[in-house]
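Student: just a sequence and a predicted model for now, questions to come.
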Amino acid sequence: MINRLFRLNGSDSGGSVLKNERRMSVFVGLMILIIIFDAIALKSIDIDRLTGSDEESMDWELTFTSYLESETTSEDLSANQAMSTSIQVELSENEYLESVVLRIQCSDEDEPGEGFSDEVTVTTDLSMVDGGPEAKQETGSCSEQSADDLVMTWTFMSAASVDAQQTGMTENEVRSLFAEGKTGTGMWSADIELQVNTPGGLGALDSGERVTAIWELQIFEVEFNEM
């Protein structure tokens, strides 16, 4: 269109120049009107409506609900045998992870004598877990007197660390208070190896144990209520 406005007519150069000047004036006028219109339109836009209600600063009442999820694996192990156990941690939008606990039970009911308790060595693999929690390796003795012979714990955050009432904050700002509780998702895995301790020549007296692994997930859910 602009090319058509400025196209010259060789048969009447003087008239063409005058026409081009008029067209230029019209073009400049139109551009000025467009700029003025855009400025007025931008001033009339409600930024809060564009960003949505979750970006409005307001007061919040938070409701917390805590619950425990668990998964159990048991196997009969002989000397130097190992078992694997794992659990997949997933969280919904309003769920947050408080802690992960791995309990190992291996009561040595056929211990041949004092000082010959069987042992378990637990090695965790957390390479598939978000947030990079520390992998652990620990050894514990199997005992008739202990309900849990070895306990590993990873803590992420506590629901009690955030006040139930928040004032003058956007929803995103309130949710950011629970960022630590969004880590820890993924596949938690562990290998458990049994070492049988028995006096020489009496292997038949203590051939192995039943080993149980219990994963416990402490999760809390938050309800975000506008006050």
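Tutor: Received it, and whenever you're ready, just let me know what you need.

Student: check which helices and strands the helix or strand hosting Glu75 sits against.
Tutor: Assigned by DSSP states H and E, Glu75 falls within strand 58-78. Judged by 3 or more CB pairs under 8 Å, 6 or more residues apart in numbering; DSSP states H and E, the packing partners of strand 58-78 are strand 82-89, strand 165-169, helix 171-176, strand 186-195, strand 208-226. Yep, even glycine has a C-beta here, placed from its N, CA and C like the rest.

Student: got the contact list for the residue minimising distance to the centre of the chain?
Tutor: Centroid check for the chain by CA atoms, centre = their mean gives Lys182 as the closest residue, at 3.1 Å. Residues in contact with Lys182 (CB atoms under 8 Å, 6 or more residues apart in numbering) are 91, 96-97.

Student: how far away is it from Phe156?
Tutor: According to CB to CB, to the nearest Å, Lys182 stands 9 Å off from Phe156.

Student: shared neighbours, those two?
Tutor: By CB under 8 Å, 6+ apart, the residues touching both Lys182 and Phe156 are 96-97.

Student: how's this protein carved up into domains?
Tutor: 2-43, 57-226 (automatic domain parsing).

Student: as CSV, the ones you listed with mean pLDDT would be great.
Tutor: What follows is the domains of the chain, written out as CSV (pLDDT from 0 to 100):
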stretch, mean pLDDT
domain 2-43, 65
domain 57-226, 89
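
Student: between the helices and strands packed on strand 58-78, which one is closest to Gln137.
Tutor: Gln137 lies closest to strand 186-195 among those, at 9.5 Å (CB to CB).

Student: in that closest one, what's buried?
Tutor: Neighbour-count burial for strand 186-195, counted by 16 or more other CB atoms under 10 Å, picks out 186, 188-190, 192-195.

Student: now do it and strand 208-226, the angle between them.
Tutor: 160 degrees (axes from the mean of the first three to the mean of the last three CA atoms, to 10 degrees).

Student: helices and strands around strand 186-195, which ones?
Tutor: strand 58-78, strand 82-89, strand 95-105, strand 119-129, strand 208-226.

Student: next, the angle strand 82-89 makes with it.
Tutor: Using the same axes, to 10 degrees, strand 186-195 lies at 160 degrees relative to strand 82-89.

Student: output strand 186-195 as CSV - backbone C-alpha positions only.
Tutor: The C-alpha atoms that make up strand 186-195 are tabulated as CSV, following Å, rounded to 0.1, in the frame of the first residue of the first chain:
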residue,chain,number,x,y,z
GLY,A,186,11.0,-40.3,42.4
MET,A,187,12.2,-43.8,43.0
TRP,A,188,13.7,-44.7,46.4
SER,A,189,15.7,-48.0,46.3
ALA,A,190,17.7,-50.0,48.7
ASP,A,191,19.7,-53.3,48.8
ILE,A,192,19.7,-55.3,52.0
GLU,A,193,22.4,-58.0,52.6
LEU,A,194,22.3,-60.5,55.5
GLN,A,195,25.5,-61.6,57.3
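
Student: residues contacting that strand, please?
Tutor: 77-89, 100, 102, 104, 106, 118-126, 128-130, 208-209, 211, 213, 215.

Student: Glu56 versus the residue nearest to the centre of the chain, what's the distance?
Tutor: Applying CB to CB, the value for Lys182 to Glu56 is 23 Å.

Student: repeat for Ala164
Tutor: Ala164 sits 20 Å away from Glu56, going by CB to CB.
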